[in-house]
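Undergrad: Using only what follows, build the 3D model:
(chains A and B)
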Amino acid sequence: MTDTALRDAPLPGGSGADDVVLRARGVGKSFFGVEVLSGIDLDVRRGEVHGLVGENGAGKSTFMKILAGVHVADRGTVEFEGREVSYTHPRQAMDAGLVTVFQEFTLLPERTVAQNVFLGREPRRGGFLDRTGMIARTRALLDDLGVGFIDPTARVGSLTVAEQQIVEIVKALSFDARLISMDEPTAALSDHEVELLTAIIRRLTARGVAVVYVSHRLKEIFDLCDRITILKDGAHVSTDDTADLTPAELVRRMVGRPIQSYFPEPVAGTVPGDALLELSGCGNAFVDGVSLTLRAGEIVGVAGLQGSGRTELVEGVFGIQPFSRGTVRLGGAPVRLRHPREAVRAGLALVTEDRKAQGLSLGQSVLDNALLVVRSVFAGRTRAARRDIPGILSALEVSSRGVDQEVRFLSGGNQQKVVLAKWLVTDPRIVLFDEPTRGIDVGAKVAVYQLMRQLAAEGKAVLMVSSELPEVIGMSDRILVMRDGELAAELPAGAAEHEVLAAATGAREGAGDVVADPRVAGAEEQR
Amino acid sequence: MKRVRIDSTVIVLGILLLTIAVGAVLVSTVGRSFFSAGNIRDILTGMSVLGLVAIGQTLVILGASLDLSVTYVMSLSSLLAATTMAGNPGNIPWAVTLTLLVCAGIGLANGLIVTVLKVNGFIATLGVGLILQGVLNTNFQGSAGAVPWDFQLIGATGIGPVPLSTLIMIALAVAVWFLLGRTRTGAHLFAVGGDPEVARLSGVRTRPPLIAAHVMCSLFAGLAGLLLASRLGVGSPTVGQQGGYALLSIAAVVLGGTLLLGGRGSIWGTIGGVAIFAVLDNVMSVMQVNPFLKDVVRGVVIVAAVAVYSRRAIVRRRSRFGPGGTRTGGDAAAIAAAPAMAAASAALDPTTTTEGGAR
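TA: Numbers count the residues shown, from 1 in each chain, chains lettered A, B, ... in the order given. Below you'll find the predicted structure:
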């Protein structure tokens, strides 16, 4: 069945309310007093693919977790096949036929495909596991999906990501699923793998299974979905037939909000100077063909979807996953940074994505944390650094009971400021930020932004990776967009959110006028 | 098409065969025969006590826990059995039952502390072990009790060159192999050890398998204690500690290819690991190697074997470009899978390749 035929044909079993497998009304959820979902209404029909789109933080994942029984809704009702349901454990939802395929796989890499599919409800015969039966039933499910090339006795860890994704779906089907919700199923898949997944989903819907499909890739949403629901800031924006929606309109509805005004203006007199960091054709196992120039006095933002290689790019520069191809120049001189220690010595700093796991030693004091890098890399400068730190901390307005307090007792914003202090005291020339404002309050965010402006004014180069589009747009002098491990586009300061999103998702419309990258243009021509 | 990975049990067997080959040559240089019936009996006898402890330890480690209390359980078991038997053959059934019940109780305590109180297995069993040591030291000053001759026969008889104790150990290993491969408890133990959250989301009750593993581990330590009592003829409050069985059993399990983090491993790997230690000990005894050098050799073997396994580290993030990748120009596995995938998608929906698949 072609996608248009599927889309235009009347749904099997007639029309109207009978077709609705899942009916959500006014579903709301708050965490710690913060409302993340406010009254979501959603109808999912038998045999349809229902796209669920929205920006990060729009509430898609929370909604899916409520369906899956991971979270319980505070308000509203969910009806599944006409009965009101409220699951408190994922297994209850699965047994009812409402199965979720999460972004994080729920597979055990050391166990076989069959063992994973039947985990928790292994068939038994005479008290012992019915292994042959388990393998036969798994094989039947795989054959049924047309993926008989996956061996039910293969270790899941030996399969490709796409095959693992299929095993997740097979696991879902083994529960006799009537509704499967999928969270970004293609985030880690390549194009031919996406095609296979698409074919599998079509086969499922032809049988009357309903699919809720969450993805950031607009092409897939438009290719695959019958109807699209847009969420924004925890609220329902619209539900439309795919035919009635254009990608440009969809992006506009997803974003449609004014950029917050708390981004400070550049410090007067800041001008881009010499190139401090130049990458040409750099690549490793995670990113490829990256060429960029970072100048003194410049703030360059890096945008991209989850898994697009944003973090891997800065990890490559900083020597965590050293580049195996291409050349890196610092201040014009070629260097090879094979270890973070070499990067620090060369004048780089990296404020990592996960401050608790990668940025701080939580059980140690503010002072010890602030001295972490200096002590280990520039031991001779420790004494001077010890003198400087109180000044740096107070300039950053860190509120703690003193430099002896353990950082674990500080708020997220203050912890982040300690991380910043740790790097400022090394006096870096190039500062890489990875998600610098994740999980911190607005006041601390503004402090981080002001620091970036100040660093630029002092003639340092700043590279900032962020999944918050307003932040990238509000702070950057230039915006680089990563997609599938490569630099997909470079946009000027003040680019619109939908332009960045279009470049990051590879959307067809709304991208043509801004994307100068020949690779993307080539992809356009092919279509 | 088929992607082969060398099974760790195969590696262990390889190391074992290598050890035997080198050992046989070395033993022959001092004019003795490695393969004589007497020597083989010595090696197998050396395997049975450590083997019993290591089988139990395998279960616990597969569940991502540890048991350091086994040494004290062994000592307690030997004392309980010997003092209850008190030289009277009629007391044997009762003494064995009582001993094993007490051991199971200790295992249950370990399991509950680990699963319900959520104390790390290392610390939980260290604490329980210290408590047992205190109990032993306050109640027994030295060897105590008497084991009747009928019971001593278990440690002394055999079929041909194969001691009865080794046969018991192997029979129990087969039982555990069955448990791991053919029961839900076994499957769920692997799951809980591999990733408790995945297990929970799949509807596995995560506590029972690990509690069962701890109970069985203590039972196996109890059996090892009974075997020692049968060999010594008395119970001893220090017999477990002297053998260093806790760490040695963990070493044998890891040497056997079981992941210390849990979720991967096999019982036959463990038996292989035990056999390697037994052969090493035997060769060094025959060669009259300095006892301190023995420990050095053991240490080197453990470190070397685990270093080999670490080379096959679990990849946490799949690469996208180059070797191991799933994308452009990557991963042999992905390339190998590509034609099958393309064929499958074509068969499923021919329109995708012609209509939507301009790429």
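
Undergrad: going forward, measure contacts and count neighbours with C-alpha atoms only.
TA: Noted.

Undergrad: got any ranges where the chain has weak pLDDT?
TA: Just so you know, I chose chain A. Along chain A, the parts satisfying pLDDT under 70 run over A:1-18, A:32-33, A:56-57, A:187-188, A:190, A:256-262, A:441-442, A:507-527.

Undergrad: looking at chain B here, not the other one
TA: B:1-6, B:311-359.

Undergrad: Show me it divided up by domain.
TA: Using automatic domain parsing, the domain parsing of chain B gives B:8-310, B:321-359.

Undergrad: all strands of chain B, in order?
TA: Assigned by DSSP state E, the strands in chain B fall at B:158-159, B:162-163.

Undergrad: What pairs with the last one, parallel or antiparallel?
TA: Right, the one you point to is strand B:162-163. strand B:158-159 (antiparallel) (DSSP bridges).

Undergrad: Serialize the domains of chain B to a markdown table and add fields for mean neighbour count.
TA: Below are those laid out as a markdown table (neighbours: other Cα atoms under 10 Å in any protein chain shown):
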| stretch | mean neighbour count |
| --- | --- |
| domain B:8-310 | 21 |
| domain B:321-359 | 17 |
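
Undergrad: care to break chain A down by domain?
TA: Structural domains annotated on chain A: A:1-97+A:214-257, A:262-347+A:428-527, A:360-426, as defined by automatic domain parsing.

Undergrad: and those as a markdown table, adding distance to residue B:33 and mean neighbour count?
TA: What follows is those, written out as a markdown table (distance: least, Cα to Cα, whole Å; neighbours: other Cα atoms under 10 Å in any protein chain shown):
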| stretch | distance to residue B:33 | mean neighbour count |
| --- | --- | --- |
| domain A:1-97+A:214-257 | 61 | 19 |
| domain A:262-347+A:428-527 | 54 | 20 |
| domain A:360-426 | 57 | 19 |
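
Undergrad: quick one: which of the domains of chain B is nearest residue A:255?
TA: Closest to residue A:255 of the domains of chain B, according to Cα to Cα: domain B:321-359, at 27.1 Å.

Undergrad: Most proximal residue of the stretch 351-500 of chain A with respect to chain B?
TA: Residue of the stretch 351-500 of chain A nearest chain B, by Cα to the nearest Cα: residue A:485 (7.5 Å).

Undergrad: Tell me which residues touch that residue, please.
TA: Residues in contact with residue A:485 (Cα atoms under 8 Å, 6 or more residues apart in numbering or on different chains) are A:286-288, A:308-310, B:320.

Undergrad: Helices along the stretch 51-200 of chain A, start to end?
TA: Listed in chain order, the helices of the stretch 51-200 of chain A (DSSP state H, counting those that start in this stretch) span A:60-68, A:90-96, A:113-117, A:131-144, A:161-173, A:191-206.

Undergrad: Quick check: residue B:159 vs residue B:51, distance?
TA: Using Cα to Cα, to the nearest Å, residue B:159 is found at 19 Å from residue B:51.

Undergrad: just residue B:36 next, same as before
TA: As judged by Cα to Cα, residue B:36 and residue B:51 stand 22 Å apart.

Undergrad: circling back to that earlier point, can you add distance to residue A:141 and give the domains of chain B back as CSV?
TA: Below are the domains of chain B laid out as CSV (distance: least, Cα to Cα, whole Å):
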stretch, distance to residue A:141
domain B:8-310, 18
domain B:321-359, 14
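
Undergrad: For residue A:424, which of those is the nearest?
TA: Each of those was scored for nearness to residue A:424 using Cα to Cα, and the closest is domain B:321-359 (34.0 Å).

Undergrad: returning to that earlier point: just send the strands of chain B back as CSV, with distance to residue A:23 too.
TA: Below are these laid out as CSV (distance: least, Cα to Cα, whole Å):
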stretch, distance to residue A:23
strand B:158-159, 71
strand B:162-163, 69
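
Undergrad: Among these, single out whichever gets nearest to residue A:150.
TA: Minimum separation from residue A:150 across these (Cα to Cα) falls at strand B:162-163, 44.4 Å.

Undergrad: deepest of the helices of the stretch 51-200 of chain A, which one?
TA: Ranked by mean neighbour count, the helices of the stretch 51-200 of chain A are led by helix A:113-117 with a mean of 28 (mean count of other Cα atoms under 10 Å in any protein chain shown).

Undergrad: nearest residue to residue A:273 other than its sequence neighbours?
TA: Of all residues not flanking residue A:273 in the chain, residue A:296 sits nearest, at 4.8 Å (Cα to Cα, 6 or more residues apart in numbering or on different chains).
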